[in-house]
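In: sequence first, then the predicted structure:
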Amino acid sequence: MGVLPDSVQKVIDAFEKLPGVGPKSAARMAYHFLRARNNDAINLANSLLTMDQNVVNCRDCFNVSETEVCSICDSPLRDTKQLCVVEDPLDVVAFENSGVYKGVYFVLGGVISPADGIGADELRFPELRMRVGNLTSKIRDHKSSGEMDVAVEFADNPTNKGCLELIIATNPNLEGEATAVYIQDLFRKEISEGTLHITRLAMGLPTGADLEYTDRLTLKRALEGRRAY
Ligand SMILES: [Zn+2]
């Protein structure tokens, strides 16, 4: 038996499993709840339980949601001709907080990373194919029924080609790049048929960056993402 009562040790062990939390921080957190004799522990436990019981993945985009279809996919105000592929739900939060994106999302569930043992089979590529298929056929149906003039509606979108735009928003590191290449390969047929075009976020130099200390990949992406001045 250890120095600590089992119940305390169990809480420390649980905290230690959290990302970025080491043994010392885990112990400090556990002691916080022991010291603070208010409802903090009960509130935390209840919140975790409620989250665990109520949150599911959205049927269409796999973002976290409390309903079968999330509020973004369900909104008639979102542009379903733009599909942004992100690694995880927190990326959706970042985009939504920026307020600049009005399309819909697809949460891949990670990136291809051989070093971490994550291959393409572990990610939601079949579901992405289905999502792209549904959205492209929706565009085709609307076009053929003449319900809207795509060219006019998207006149302000410089990348608009009257088809689905898939924006790859994986992180600008090796794994993110490898995943972007894989997605490009996955939709070769749709791209050649003209039903889909793929773009990648123009990630490059952060504000205040110094070219001298910028790594090759960042500089390459900054150059690729250059625009008219
Ligand atoms: Zn959704």
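Out: Arrived safely.
In: get me the contact residues on this structure for the ion.
Out: When proximity is defined by Cβ under 5 Å from the ion, the chain lies next to the ion at C58, D60, C61, N63, C70, C73. Just so you know, the C-beta spots here come from the backbone N, C-alpha and C atoms, and that holds for glycine as well.
In: three-state assignment of the nearest residue to the second one once chain neighbours are set aside?
Out: Counting by Cβ to Cβ, 6 or more residues apart in numbering, the nearest residue to D60 once its immediate chain neighbours are dropped is C73, at 4.5 Å. For C73, the assignment made with DSSP: H, G, I helix; E, B strand; the rest coil gives helix.
In: can you tell me the number of residues neighbouring C73?
Out: Counted with other Cβ atoms under 10 Å, the burial measure for C73 works out to 21 neighbours.
In: equivalent analysis for R129, please.
Out: By the measure other Cβ under 10 Å, the count of residues near R129 is 13.
In: that one sits in which helix or strand?
Out: In this assignment (DSSP states H and E), R129 forms part of helix 125-145.
In: picking that back up, among the residues of the chain next to the ion, which one lies nearest to L186?
Out: Of all these, L186 sits closest to C61, with 17.3 Å by Cβ to Cβ.
In: for stretch 66-86, measure first residue to last.
Out: Separation of the first and last residues of stretch 66-86 by Cα to Cα, to the nearest Å is 20 Å.
In: can you tell me the centre-most residue of this structure?
Out: In the chain, the C-alpha closest to the average C-alpha coordinate belongs to V86, at a distance of 2.9 Å (Cα atoms, centre = their mean).
In: export the residues of the chain next to the ion to CSV and tack on pLDDT?
Out: Supplementary listing: the residues of the chain next to the ion in CSV, determined by pLDDT from 0 to 100:
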residue, pLDDT
C58, 97
D60, 96
C61, 97
N63, 97
C70, 97
C73, 96
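In: sorry, back to before: remind me what the helix holding R129 packs against, helices and strands.
Out: Of the remaining helices and strands, those touching helix 125-145 by 3 or more Cβ pairs under 8 Å, 6 or more residues apart in numbering; DSSP states H and E are strand 79-86, strand 103-107, helix 150-153, strand 164-168, helix 174-186.
In: generate a PyMOL selection restricted to the buried subset of the residues of the chain next to the ion.
Out: Filtering the residues of the chain next to the ion down to the buried ones (16 or more other Cβ atoms under 10 Å) takes a single PyMOL command:
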select buried, resi 58+60+61+63+70+73
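In: pick out the most distant pair among the residues of the chain next to the ion.
Out: D60 and N63 (8.8 Å).
In: joint contacts of these two?
Out: In the contact map built from Cβ atoms under 8 Å, 6 or more residues apart in numbering, the residues linked to both D60 and N63 are C70, C73.
In: report the contact partners of the nearest residue to V85 once chain neighbours are set aside.
Out: Once flanking residues are discounted, V85 sits nearest to F106: 4.9 Å by Cβ to Cβ, 6+ apart. Listed by Cβ under 8 Å, 6+ apart, the contact partners of F106 are C61, F62, L83, C84, V85, V86, R124, E127, L128, R131.
In: that concludes my questions; thank you for your assistance.
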